[in-house]
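Engineer: Need coordinates for the following:
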Amino acid sequence: MEYHAPRPRKSRGRPAAAALAPADHASIERFLEQLWAEDGLADRTLAAYRNDLGGFARWLAPQRIALGAAGREAILRYLGERGAAGIKARSNARLISTLRRFHAARLKANGGGEDPTALLDSPKLPRGLPKALGEREIEALLAAPDVSTPLGLRDRTLLELMYACGLRVSELVNLPLAALNLRQGVLRIQGKGGRERLVPIGEVALDWLERYLREARPLLAGARQPEALLLTRRASGMTRQMAWTLIKRHARSAGIPAQRISPHVLRHAFATHLLNHGADLRVVQMLLGHASLSTTQIYTLVAREGLKRLHARHHPRG
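Structural biologist: Numbers count the residues shown, from 1 in each chain. Next up is the predicted model:
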């Protein structure tokens, strides 16, 4: 498989961004191709790197400074202007991370040199806890779809799989029928960076999945032979946006406030509820497909906060 740089998209109702200088465009695409080859990053991640580097290169262009030649002072001025314009600290932290990777690759290719990001400090970010729903709320969400219809049965299966397996929305909508092993009760998931993992489905979710495959998917597929596990009424695979819209719709039906819903709401609940019931943190890490244990540890804080709330609510000295 080869890396192909995507064609620039035209924005409706907005002027097109200024074209990059050919040298800057070439250096950005060379960097992204290297990232893709070494780390197998997803298209969305590569697009974020492209946008960050392209924005900085366009800012540098009137000053006749090439992207790879911009020093620490230019980076600080750019960050200052972004901050004054109201751009959030998290976006600036991502930009600094992108520039660090870009210059590390540049120095490696050139055999050394000065790194303008070496002394840059990333902005301190508040560590927000993932939005986790309680078990009763999850039960209400799972029961929201009307399973008397093919689409409702599909939606119930979608929710059950996300909660039972801790899947990302993108992992679920990209799941092919061939990744399912009903006999062993596992899914083969293609995660971030191309990493594969086997995830057990669980008896309840497996029952809903088998019912969907028996009663709903043949009706949705019709005469076609689609690869996707979860199908739309047009016999095609879902998009991430469609799956997220369905989750929000069923959460609304279940009486769950909008501010408590996120695209990862069922994944967060999966991890938090496992830890609440005594699961080992490393097992949760493996099931979620996290490369680092530190990423998984945030869920121990969520579980701890839940215990504090229970204590405050029910203990006479809470």
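Engineer: Domain ranges for this structure, per the record?
Structural biologist: 22-110, 135-314 (automatic domain parsing).
Engineer: least reliable of those domains going by mean pLDDT?
Structural biologist: Of all those, the minimum mean pLDDT falls on domain 135-314 (a mean of 85).
Engineer: how many other residues sit next to Arg101?
Structural biologist: The tally of other residues near Arg101 (other C-beta atoms under 10 Å) stands at 17. From N, CA and C alone the C-beta is placed, and that goes for glycine too.
Engineer: same thing with Leu231?
Structural biologist: Leu231: 25 surrounding residues under other C-beta under 10 Å.
Engineer: who's it bridged to?
Structural biologist: Going by DSSP bridges, Leu231 is paired in beta bridges with Gly237.
Engineer: I'd assumed Leu219 was in contact with it.
Structural biologist: No. Look at Leu231 against Leu219 with C-beta atoms under 8 Å: they stay out of range, at 9.3 Å.
Engineer: after whatever helix or strand Arg217 lives in comes which helix or strand?
Structural biologist: For Arg217, the host element (DSSP states H and E) is helix 217-221. Downstream of helix 217-221, the next assigned helix or strand under DSSP H and E is helix 240-253.
Engineer: residues in contact with that following helix?
Structural biologist: 141, 144-145, 155, 158-159, 169-170, 172-173, 232, 258, 260-261, 263, 265-266 (C-beta atoms under 8 Å, 6 or more residues apart in numbering).
Engineer: Okay, and which of those residues map to helices?
Structural biologist: In helices, defined here by DSSP state H, the members of these are Leu141, Asp155, Leu158, Leu159, Val169, Ser170, Leu172, Val173, Val265, Leu266.
Engineer: Is it possible to get a markdown table of those residues that adds neighbour count?
Structural biologist: A markdown table is the format used below for these (neighbours: other C-beta atoms under 10 Å):
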| residue | neighbour count |
| --- | --- |
| Leu141 | 24 |
| Asp155 | 24 |
| Leu158 | 26 |
| Leu159 | 25 |
| Val169 | 23 |
| Ser170 | 17 |
| Leu172 | 23 |
| Val173 | 20 |
| Val265 | 25 |
| Leu266 | 29 |
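Engineer: Tell me which two of the residues you listed sit farthest apart.
Structural biologist: Of all pairs drawn from the ones in helices among the contacts of helix 240-253, the one with the longest distance (C-beta to C-beta) is Leu141 and Ser170, at 19.6 Å.
Engineer: re earlier: in JSON lines, list the domains of the chain along with distance to Leu120.
Structural biologist: Listed next are those as JSON lines, based on distance: least, C-beta to C-beta, whole Å:
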{"stretch": "domain 22-110", "distance to Leu120": "6"}
{"stretch": "domain 135-314", "distance to Leu120": "22"}
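Engineer: Of these, which is nearest Pro116?
Structural biologist: domain 22-110 (4.3 Å).
Engineer: end to end, how far does the closest one reach?
Structural biologist: End-to-end distance for domain 22-110, by C-alpha to C-alpha, to the nearest Å: 19 Å.
Engineer: That one: how far from the chain's middle?
Structural biologist: 21 Å (C-alpha atoms, centre = their mean, to the nearest Å).
Engineer: before we move on, what about stretch 98-118?
Structural biologist: Centre-to-centre, stretch 98-118 and its host chain are 27 Å apart (C-alpha atoms, centre = their mean).
Engineer: Can you get me the start-to-end distance on stretch 224-240?
Structural biologist: Stretch 224-240: ends 22 Å apart by C-alpha to C-alpha.
Engineer: Let me fix that, I meant to ask about stretch 256-272.
Structural biologist: Stretch 256-272 has an end-to-end distance of 18 Å (C-alpha to C-alpha).
Engineer: ok, and for it, which residues are buried?
Structural biologist: Using 16 or more other C-beta atoms under 10 Å as the test for burial, stretch 256-272 gives 256, 261-272.
Engineer: to the chain's geometric centre, what's the distance from it?
Structural biologist: For stretch 256-272, the distance to the chain centre is 13 Å (C-alpha atoms, centre = their mean).
Engineer: And for stretch 113-122?
Structural biologist: 28 Å.
Engineer: Please save the CA atoms from it in PDB.
Structural biologist: The C-alpha trace of stretch 113-122 is given here as PDB (Å, rounded to 0.1, in the frame of the first residue of the first chain):
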ATOM      1  CA  GLY A 113      21.300  21.000  13.300                       C
ATOM      2  CA  GLU A 114      19.400  23.300  15.700                       C
ATOM      3  CA  ASP A 115      16.000  22.400  16.900                       C
ATOM      4  CA  PRO A 116      13.900  25.600  17.500                       C
ATOM      5  CA  THR A 117      11.400  23.700  19.600                       C
ATOM      6  CA  ALA A 118      13.900  22.400  22.100                       C
ATOM      7  CA  LEU A 119      13.200  25.000  24.800                       C
ATOM      8  CA  LEU A 120       9.500  25.400  24.100                       C
ATOM      9  CA  ASP A 121       7.100  24.700  27.000                       C
ATOM     10  CA  SER A 122       3.800  23.300  26.100                       C
END
